[in-house]
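Asker: predicted model, plus sequence, below.
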Number of protein chains: 2
Amino acid sequence: MYSVERLKPDGRKLTLYSRFPIDPAIKATSPSDEPVQANPHLRWHPLRGEWIAYASHRQGRTFMPPPEYNPLAPSINPEFPTELPQGKYDVAVFDNRFPSLALAAQNPPASIVETLPANGACEVVVFTQDPEATFGSLPLDHLELLLQVWADRTRAIGENPHIQYVLPFENRGVEMGVTLLHPHGQIYAYPLVPPVPARMLECQQAYYRQHQRGVLEDLIQKEIADKQRIIYLDEHAIAFVPACARYPYEVWVAPIKPVATFGDLTPQQRQALARALKTVTLKYDGMWHRPFPYLMAWFQAPTDGQPHPEAHLHAEFYPPYRTSERLKYLAGTELAAGLFANDALPEEKAKDLQAVVVNIETPVAL
Amino acid sequence: MYSVERLKPDGRKLTLYSRFPIDPAIKATSPSDEPVQANPHLRWHPLRGEWIAYASHRQGRTFMPPPEYNPLAPSINPEFPTELPQGKYDVAVFDNRFPSLALAAQNPPASIVETLPANGACEVVVFTQDPEATFGSLPLDHLELLLQVWADRTRAIGENPHIQYVLPFENRGVEMGVTLLHPHGQIYAYPLVPPVPARMLECQQAYYRQHQRGVLEDLIQKEIADKQRIIYLDEHAIAFVPACARYPYEVWVAPIKPVATFGDLTPQQRQALARALKTVTLKYDGMWHRPFPYLMAWFQAPTDGQPHPEAHLHAEFYPPYRTSERLKYLAGTELAAGLFANDALPEEKAKDLQAVVVNIETPVAL
């Protein structure tokens, strides 16, 4: 993997990644020269025991570019520079212009609840230069590169002592609130382990103490033995609709042998994960012959410098549809009680995905 | 409050409530005579340490009545009986025909994760016979009756030893997935304290042990002193945008003096809460001159027979809009990390609501 780091005219950081050497003369661009003035803060929610991030500068984040303007495509028209330069590279990562968390944040306002500066990072990860591509259409070695990019970002951001947790994700589709259709994801880096990963680590630690094995490691072995819900399986990676799916078409993708972070993946695991991810996303898009919206979230160990033998890097896909025509709305029981009600059995939804035939460069062993 | 209980032709329970005596000759109706065959089950999610409810019979819950058919209005056409009989009553409660939880559930399927019968209850609460009414348009004494209905349902359902927690809520608006626009809410009763109320009780208990006061009780005193975010205030009740709001237009409504459950409210508190609720919902609808969607959820003490001095009955409104034109989507940081990012300051959003003038039968003291 090759990479170069640049500063944008407005002071934000840009890192380009490629399978091939990158032209050292390449320069960073930005839609605006104005320095980013983000100063988000956290407030403590005393009834839920969690922090909320406030970033009121984000309200101005819509602007009116020409209709054909795509801020995530390489700059072509010098009058309207985009977020990315022209040149040969595969993946680009840059600081979000409207971050919910910022390392430079300081002096949080006083409030009747406890406040803190929201010292974190929000990065945009542009998956490819091709606006028409999809995650599943990218070549396998491009997806392997992306796994290396996530490793590099976790390392680079996690080195900052403020940062406790790095979470890469992709919101895909207008149903998930996406306004830019160019293939991209985001990375949020938090000054604390946020509630869901914290709960997950608690469960993983309790199980590991009792069994000296990972809870997801053992669940995967049970999924393999049960066969019913498997979407992809080879020697190193698995994709499956978990027996405890909360969303009808939920899928998890994981290395079979646990690793704590992206940086711990072996080349074989990366290859296998790339095939698993490509299979899942092609099946999603193939099922109803249209782009399939989802949230893809990656869970890994905190960046607290401690060993985390209980952690098990994996992706969880949360798609908002329950049938081709109907959304699964999160409402009373999900949002108020936190107890998900799923109208579909994971075994049935897995069959829908298993039935979709996809072609990738190497055969899928099921 | 007057009430009568009836059994529907399909075996489901119906309870009618009124401010006036109810005709004892009134009979229950049902859109179908077929007995409800719901047998939902719970599965354990080992990575999140929580239960998920599966109710696959719910997929068939759409049917094709004549377009003018409203299953929540009193029956008029005997060929298409609705869920409710004709007659004089104010509020009706009946068992959901497609429940996510059912007291009769048994023999959960075997799975690679732990399973249990989903022994709970799902009730529909029809707020009024008038399909054109809104929560805010109901007379104050009608809203007081509704608070008594929630108390009666909590008592009636909570008596069952399976039931640990009773949560009334209203999903309002197509943005929340609502398909029936007749004013109604739901009650979910759980065989366990679900994750969000469990976390809330944990925070409340920790605070109560340390301060011998309620955490919400003290937060309310700070909100009153701070003045900025108050939407309604009188001697007994308050409505405010909390300093730690997760949704831009989030509002909490509570009695100022804590009570653990609906059944513990004094008549004065009920009167004041009715005025607070009417004020908030009229302001919501008045702000953009259109029906304002929200989830209204009520949190109270578990029905475990134990004293809960730490609990504080209150409603939380979660509206899905962040501006009149834009939804707040729950995506990466909310759904994957569980850390909410709010682009709006609660102080600013409170001003929007404070500016809406509403007329209710008695003056609002601010």
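Answerer: Yep, that arrived. Residues are numbered from 1 along each chain as shown, chains lettered A, B, ... in the order given.
Asker: identify the residue nearest the residue of the stretch 151-300 of chain A found nearest chain B in space, chain neighbours excluded?
Answerer: Taking Cβ to the nearest Cβ, chain B has its nearest neighbour within the stretch 151-300 of chain A at A:Gly177, 2.8 Å off. Any C-beta I mention is one placed from the backbone N, CA and C, and that applies to glycine too. Nearest residue to A:Gly177 in three dimensions, chain neighbours excluded: B:Tyr329, at 2.8 Å (Cβ to Cβ, 6 or more residues apart in numbering or on different chains).
Asker: quick one: contacts of stretch A:73-89?
Answerer: Stretch A:73-89 is contacted by residues A:8, A:14, A:16-18, A:20, A:22-23, A:26-31, A:65-66, A:69-72, A:92, A:94, A:97, A:124, A:126, A:129, A:131, A:182 when judged by Cβ atoms under 8 Å, 6 or more residues apart in numbering or on different chains.
Asker: could you tell me the end-to-end distance of that stretch?
Answerer: End-to-end distance of stretch A:73-89 (Cα to Cα, to the nearest Å): 12 Å.
Asker: what are the buried residues along that stretch?
Answerer: Along stretch A:73-89, these residues count as buried under the neighbour rule (16 or more other Cβ atoms under 10 Å in any protein chain shown): A:Ala73, A:Pro74, A:Ser75, A:Pro81, A:Thr82, A:Glu83, A:Leu84, A:Pro85, A:Gly87, A:Tyr89.
Asker: next, work out how far apart the fifth one and A:Leu180 are.
Answerer: If I follow you right, that is A:Thr82. If you measure A:Thr82 against A:Leu180 using Cβ to Cβ, to the nearest Å, the figure is 11 Å.
Asker: spatially, what comes nearest to the residue lying farthest from the centre of chain A if we skip its sequence neighbours?
Answerer: The outermost residue of chain A relative to its centre, with distances by Cα atoms, centre = their mean, is A:Ile112 at 33.7 Å. On the basis of Cβ to Cβ, 6+ apart, the spatially nearest residue to A:Ile112 that is not a chain neighbour turns out to be B:Lys222, at 3.9 Å.
Asker: just the element for that neighbour, please.
Answerer: Secondary-structure assignment from DSSP states H and E places B:Lys222 in helix B:215-226.
Asker: contacts for that helix next, please.
Answerer: With Cβ under 8 Å, 6+ apart as the test, helix B:215-226 has contacts from A:46-47, A:112-113, B:203-204, B:207-208, B:211, B:229-230, B:233, B:238, B:240, B:242-243, B:254, B:256-258, B:310, B:312, B:314.
Asker: next helix or strand past it?
Answerer: In the C-terminal direction, the helix or strand that comes right after helix B:215-226 (DSSP H and E) is strand B:230-233.
Asker: pull the CA atoms of the following helix or strand past that following strand into PDB?
Answerer: Heading C-terminal from strand B:230-233, the first helix or strand you meet, by DSSP H and E, is strand B:237-240. The C-alpha atoms that make up strand B:237-240 are tabulated as PDB, following Å, rounded to 0.1, in the frame of the first residue of the first chain:
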ATOM      1  CA  ALA B 237     -45.900  19.800  36.100                       C
ATOM      2  CA  ILE B 238     -43.200  20.800  33.600                       C
ATOM      3  CA  ALA B 239     -42.400  20.400  30.000                       C
ATOM      4  CA  PHE B 240     -38.900  21.200  28.700                       C
END
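Asker: elements contacting the very next helix or strand once past strand B:237-240?
Answerer: Once the chain leaves strand B:237-240, the next helix or strand it forms, by DSSP H and E, is strand B:251-255. With contacts defined as 3 or more Cβ pairs under 8 Å, 6 or more residues apart in numbering or on different chains; DSSP states H and E, the packing partners of strand B:251-255 are strand B:237-240, helix B:267-287, strand B:314-318.
Asker: A:Thr333: which of those is closest?
Answerer: Using Cβ to Cβ as the measure, strand B:314-318 is the one of those that comes nearest A:Thr333, at 13.1 Å.
Asker: who's in contact with the nearest residue to A:Asp130 once chain neighbours are set aside?
Answerer: Counting by Cβ to Cβ, 6+ apart, A:Pro183 is the residue found nearest to A:Asp130 once chain neighbours are left out, at 7.6 Å. With contacts defined as Cβ under 8 Å, 6+ apart, the neighbours of A:Pro183 are A:Val126, A:Phe127, A:Thr128, A:Asp130, A:Pro131, A:Ala133, A:Thr134, A:Phe135, A:Leu138.
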